[in-house]
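Asks: Sharing a model that was predicted from the sequence below.
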Amino acid sequence: MMDAFQAAFLGAVQGLTEFLPVSSSGHLVIMQHLFGLKEPMLLFDVTLHVGTLSAVFILLRREILAMLKELIRLPDLFQSAARNQALGRPGFRMMLLIVAGSAPTGLIGLLFKDFFESLFASTLAVGFALLGTGTILFAAGRARPEGRTLDRFRFTDALVIGFTQGLAIIPGLSRSGTTIGTGLLLGIERDLAARFSFLLSIPAILGALFLELRHAPFEGLDPLPFAAGFLASLIVGLLALAWLLRLVKQGRLTWFSYYCWTLGAVTVGYHWIR
């Protein structure tokens, strides 16, 4: 088992890479192999994801509160006039889009969970997935988005983005990179694509947490490494998320494609020569 220092280091890696489009899961697999932690540590990985999820709640609290208010108003939708008004409210529309995007993510996770979890032990799979992430980022960075705003954000767009989020369970395939990149390729306005990506992560991470906690072996676990990892991922995640939101607005996603290609190539090469 890792010590608190290793856990904090992995938490910082998670906080930085969860939001930057370079695959947090891929980096965690690589770092765990470098630390000699050969077995997949899925419960610890989920703990780190909860830390970065907390950062999403803090920085995107306005959008989240708007959607929570819409949940309270749901009984009013039995009246036709209220339904028409609701569709024009940003919080209600965003809530429906999140629900639509979460459906394919949940389906993919349930059907292919065991297969995707097996890839956490393979540095070769991570390397190839990182190469794929770099390609998506490069294409999205070179695309010229139409700049479609929330009122023109279609539910089919949400389904496609949710599908790519489901595939990003594969370690090395960046969740933020694939979802933001897909949104940009679909013509969504930059800031909206980024914010939708991180709001869409909330039900996905909560679902993963529920699935892991049902079967997690809590007996004999040292809480200190988990606490250290959680705090590190939260603090670093806050800084990384704020930075990425600015970078996406500036259209600088292409920067990260070169990093993913380099790390992917090094990881594949390391697997073959070790």
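Replies: Perfect, I can see it now.
Asks: so where do the helices sit in the stretch 1-150 of the chain?
Replies: For the stretch 1-150 of the chain, helices defined by DSSP state H, counting those that start in this stretch occupy the ranges 4-19, 24-34, 42-59, 61-72, 80-87, 90-118, 123-142.
Asks: tell me the pLDDT at Leu238?
Replies: Leu238 carries a pLDDT score of 95 in this model.
Asks: Let me have the helices of the stretch 1-150 of the chain in CSV, extended by mean pLDDT.
Replies: CSV is the format used below for the helices of the stretch 1-150 of the chain (pLDDT from 0 to 100):
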stretch, mean pLDDT
helix 4-19, 85
helix 24-34, 68
helix 42-59, 85
helix 61-72, 92
helix 80-87, 69
helix 90-118, 87
helix 123-142, 89
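Asks: closest one to Trp243 among the ones you listed?
Replies: Nearest to Trp243, of all the helices of the stretch 1-150 of the chain, is helix 4-19, at 7.9 Å by CB to CB. (Glycine included, C-beta is placed from N, CA and C.)
Asks: Would you mark the buried spots in the closest one?
Replies: 6-19 (16 or more other CB atoms under 10 Å).
Asks: Closest to the centroid, which residue in this structure?
Replies: By CA atoms, centre = their mean, the chain has its centre lying nearest to Arg175, at 4.1 Å.
Asks: Contacts only, for that one.
Replies: The contact partners of Arg175, taken as CB atoms under 8 Å, 6 or more residues apart in numbering, are Glu18, Ser23, Ser24, Gln165, Ala168, Ser197, Ser201, Ala204.
Asks: Quick one, which of those has the minimum pLDDT?
Replies: Ser24 (69).
Asks: where's the closest residue to Arg93 other than its chain neighbours relative to Asp157, distance?
Replies: Ranked by CB to CB, 6 or more residues apart in numbering and with sequence neighbours excluded, the top spatial neighbour of Arg93 is Leu150, at 6.0 Å. Per CB to CB, to the nearest Å, Leu150 is found 11 Å from Asp157.
Asks: Repeat that for Gln250.
Replies: Plainly put, Gln250 is 23 Å away from Asp157 if you go by CB to CB.
Asks: Compare the two and say which one has the larger neighbour count.
Replies: Ranked by neighbour count (other CB atoms under 10 Å), Gln250 and Asp157 place Asp157 first, with 21 against 9.
Asks: As a check, name the ranges of all strands in the stretch 101-250 of the chain.
Replies: With DSSP state E, counting those that start in this stretch as the criterion, the stretch 101-250 of the chain has no strands.
Asks: want to try TSV for the helices of the stretch 1-150 of the chain, with distance to Val266 as columns?
Replies: Listed next are the helices of the stretch 1-150 of the chain as TSV, based on distance: least, CB to CB, whole Å:
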stretch	distance to Val266
helix 4-19	15
helix 24-34	9
helix 42-59	22
helix 61-72	37
helix 80-87	49
helix 90-118	23
helix 123-142	8
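Asks: about what we covered before: so can I have CSV of the contacts of Arg175 showing distance to Ser54?
Replies: CSV is the format used below for the contacts of Arg175 (distance: CB to CB, whole Å):
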residue, distance to Ser54
Glu18, 11
Ser23, 20
Ser24, 14
Gln165, 19
Ala168, 20
Ser197, 17
Ser201, 12
Ala204, 15
